[in-house]
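Q: A predicted structure for the sequence below; I have some questions about it.
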Amino acid sequence: MTVRFESGRICLDLAAEPLDHTRDLDVFLRATGLVPAATPLRALDTAWVVRFRELRDCVGELVHSQLDGRRADRALERLNALAAASAPPAPRAVRTETGGLVRALSDVPDCRALLAAVARDAVDLLTDPDARALLRRCEGDDCRRCYLDTSRGRRRRWCSSEACGNRERVARHRAARRANATV
């Protein structure tokens, strides 16, 4: 799994992740900062992956329905139910052996709490008119990723300039070369 989080929100990052294995979910949870690196997730199993996929699909449905101007009431009900669960354990600062400070959680988070954290991020996004106004769908071929366009002038076109943007630039370059070759 390639870790590429450029959407501007954890819920949008989740909506773009395939989550094929427990390792994918573990990487996602740590890379987004929901779970600090040293926090054990001993209960992480395929049931967690199934539940996070469900939330991923729910968030994706709601975001795309917002962009398309349609309703997704079943997804909204499910999102609200997931957001209602208890929050993850509180973060705290702890000293390392060398005296530095690192972020830790006061207890090991469970699946419901982590789902709630991402669901609440989606609720915050979908209910904030300013954030919703920045919501965009990637213009890359065959890409369904969404992101918040915080660029100057609000002219961002791709979820990632390095991935989708580069593919489009390469395709334009090849098309121009073919056109010049036939002239």
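A: Received it, and whenever you're ready, just let me know what you need.
Q: after the host helix or strand of Asp13, next one along is what?
A: Counting by DSSP states H and E, the element that carries Asp13 is helix 10-16. Elements were assigned by DSSP H and E; along the chain past helix 10-16, the next helix or strand is helix 22-31.
Q: buried residues, that next one. List them.
A: Neighbour-count burial for helix 22-31 flags 24-31 (criterion: 16 or more other CB atoms under 10 Å). All C-beta atoms are positioned from the backbone trio N, CA, C, and that covers glycine.
Q: what's the angle from the helix or strand following that helix to helix 22-31?
A: If you walk from helix 22-31 toward the C-terminus, the next helix or strand you reach (DSSP H and E) is helix 46-68. Helix 46-68 and helix 22-31 meet at an angle of 60 degrees, taking axes from the mean of the first three to the mean of the last three CA atoms, to 10 degrees as the criterion.
Q: now the chain, which segments are flagged as low pLDDT?
A: Counting by pLDDT under 70, the ranges of the chain that qualify are 1-5, 183.
Q: and the residue nearest the centre of it?
A: Asp13 (1.1 Å; CA atoms, centre = their mean).
Q: from what I can see that residue touches Phe28, true?
A: Yes. Under the criterion of CB atoms under 8 Å, Asp13 lies in contact with Phe28, with a separation of 7.4 Å.
Q: now do the SS call for the nearest residue in space to Ala171 that is not next to it in sequence.
A: Counting by CB to CB, 6 or more residues apart in numbering, Asp141 is the residue found nearest to Ala171 once chain neighbours are left out, at 7.8 Å. In terms of secondary structure, Asp141 is coil; the call rests on DSSP: H, G, I helix; E, B strand; the rest coil.
Q: for Ala93, same thing?
A: Looking at Ala93 with three-state DSSP, the answer is strand.
Q: for the nearest residue to it once chain neighbours are set aside, give me its contacts.
A: Using CB to CB, 6+ apart and skipping residues adjacent in sequence, the residue nearest Ala93 is Leu101, 4.6 Å away. By CB atoms under 8 Å, 6 or more residues apart in numbering, the residues touching Leu101 are 93-95.
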